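Q: whatever this is, show me its structure:
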Amino acid sequence: MNVRHPTLALTSTLALTTLASAQPAQTAEPTPTTTPISQPESPRDTWAFTLSTDPSFTFRADLDEDKGSVSIVRTDFAADFSGPIGDRLRLSLGLFGGVANYDFKDFRTRGVTFSDGPLDDAYEAGLSLLAIYSIDDQWYAIARGSVLAGWEADADLGDSIFGTAAAGIGYHFSKNFSLALGGGFITRLEDNVGFLPLIVINWKISDTLKLETTGVGLVLSSTLSDQWSVYLRGGGDFHQYRLEDENKVAPGGVLNDTRVPVGVGFEWKPCAGLTLSLEGGVVVYQQYELRNDDEEIDEIETDPAAYIAGRLSYRF
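A: Numbers count the residues shown, from 1 in each chain. As a prediction, this is how the structure comes out:
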């Protein structure tokens, strides 16, 4: 099951890089790299193209220490082209774009109160490449790299670019359970390079119950029928945005948004290739960090906030 929380995805990870589980080369099939990746539902030996969109809304939450409040509307778009090259190698090329609106009210930092906040409209874009190589029927290797950008309107796009890379080795303990371990890095705007742990779990507990990783989270899903399934998920989400030079709070600086959502949802497949899902839950942890000149300006957490999210995807 492909389940994705509001974002990038991007981005990335924390990190928040999205990686995949894999089968031996004869049956492996990576799913879109711009969304959390899970075990394929059925093996295919041809290339496939997938389009998806993920709208979400995070309800208003108060910032700690009476520093204001914020709500978020986000819409992400993704395209993925994936398939085999030879008997052992599979590639997946992903493109991503996202638009978010942060509605800050009475934002306060360093003793100064602003009517709006450090960010209003924000944009993200990215390109990623995932490779899965079957060493033999049990061992496989994963490698993934991406070039990403997050920026406020009118910010310098060239100063908004960052990247991620990760690699690992996986092993199929049985036809129902596989595990991959590895690591990588993410370059951070106005900060040091961050380490990305890589843990990819895929466990088919029964014919209807499955546990799998999605980026830095876990999804427990239950198949109810050929068309319907339900799931429980939890994980991490990270965004970083370059602010414009005229920004009133941190001119030319960076806003980092780190969050941990926990939610439940259902997935419906009304026809071949088409998938719709609806999810709701709580962002149990959220932190905003303002940085400039490689130094932290402020770090603010929020109260837990409810969210709703949807997903529409079509695989050609």
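Q: does D159 sit in a helix, a strand or a coil?
A: Recorded secondary structure, D159: helix (DSSP: H, G, I helix; E, B strand; the rest coil).
Q: that one reaches L243, doesn't it?
A: No - the criterion here is CB atoms under 8 Å, and D159 misses it with L243 at 9.8 Å. C-beta here means a position set from N, CA and C on the backbone, and glycine is covered the same way.
Q: looking at the two, which is more packed in?
A: L243 (29 against 15; other CB atoms under 10 Å).
Q: I'd say that one and N256 touch.
A: No - L243 is beyond contact range of N256, at 11.1 Å (criterion: CB under 8 Å).
Q: follow-up on the earlier one: need the overlap of contacts for D159 and L243.
A: G252 (CB atoms under 8 Å, 6 or more residues apart in numbering).
Q: need the residue in this protein that's farthest from the chain's center.
A: G111 (33.7 Å; CA atoms, centre = their mean).
Q: tell me who's in contact with that residue.
A: Counted by CB under 8 Å, 6+ apart, G111 has zero contacts.
Q: N247 and L255 touch, don't they?
A: No - in this structure N247 lies outside contact range of L255 using CB under 8 Å: 9.0 Å.
Q: so between those two, which is more surrounded?
A: Counted by other CB under 10 Å, N247 and L255 do not tie: L255 has more neighbours, with 25 against 21.
Q: can you name the residues bridging to the more buried one?
A: Y241, L290 (DSSP bridges).
Q: ok, it to L119 distance?
A: Counting by CB to CB, to the nearest Å, the gap from L255 to L119 is 5 Å.
Q: what's the answer for A155, then?
A: Counting by CB to CB - A155 and L119 are separated by 10 Å.
Q: mind listing the shared neighbours of the two?
A: Y241, L243.
Q: give me the more crowded residue out of these two.
A: L119 (28 against 24).
Q: how about the contacts made by the more buried one?
A: Here L119 is in contact with Y102, F104, E152, Y241, L243, L255 (CB under 8 Å, 6+ apart).
Q: what's the closest of these to K175?
A: Nearest to K175 among the contacts of L119 is Y241, at 43.1 Å by CB to CB.
Q: what's the pLDDT at the closest one?
A: On pLDDT, Y241 comes in at 97.
Q: same check on P261?
A: 96.
Q: contacting residues for A306?
A: Per CB under 8 Å, 6+ apart, neighbours of A306: T58, F59, G280, G281, V282, V283.
Q: surely the last one meets G263?
A: The reference is to V283. No - using CB under 8 Å, V283 makes no contact with G263, being 9.0 Å away.
Q: overlap in contacts of L255 and L119?
A: E152, Y241, L243.
Q: so which of those comes closest to D191?
A: Y241 (13.0 Å).
Q: looks to me like A131 is in a helix.
A: No - counting by three-state DSSP, A131 falls outside a helix, being strand.
Q: distance of the nearest residue to it once chain neighbours are set aside from G168?
A: For A131, ignoring the flanking residues on the chain, the nearest one in space by CB to CB, 6 or more residues apart in numbering is A143 at 4.9 Å. Taking CB to CB as the measure, A143 falls 8 Å from G168.
Q: one step back: gap between the residue farthest from the centre of the chain and N292?
A: Where N292 is concerned, G111 sits at a distance of 17 Å (CB to CB).
Q: kindly report the same for L209.
A: 48 Å.
Q: one step back: neighbour count winner among A143 and G168?
A: Neighbour count, other CB under 10 Å: between A143 and G168, G168 has more, with 20 against 16.
Q: who does the strand or helix carrying the more buried one pair up with?
A: If you go by DSSP states H and E, G168 is part of strand 161-174. Paired neighbours of strand 161-174 in the sheet (DSSP bridges): strand 139-152 (antiparallel), strand 177-186 (antiparallel).
Q: now Q286: how far from L274?
A: Counting by CB to CB - Q286 and L274 are separated by 32 Å.
Q: neighbour count winner among these two?
A: Legend: neighbour count by other CB under 10 Å for Q286 and L274, higher for Q286 (22 against 12).
Q: got the buried residues for the helix or strand hosting that one?
A: Element membership of Q286, judged by DSSP H and E, is strand 274-292. By 16 or more other CB atoms under 10 Å, the buried positions in strand 274-292 come out as T275, S277, E279, G281, V282, V283, Q286, Y288, E289, L290, R291, N292.
Q: right, and the fifth one touches D303 too?
A: In this case it means V282. No - counting by CB under 8 Å, V282 does not reach D303; the two are 10.3 Å apart.
Q: need the residues that contact stretch 166-178.
A: Counting by CB under 8 Å, 6+ apart, 17, 19, 21-24, 137-145, 179-185, 196, 198, 200-205 sit against stretch 166-178.
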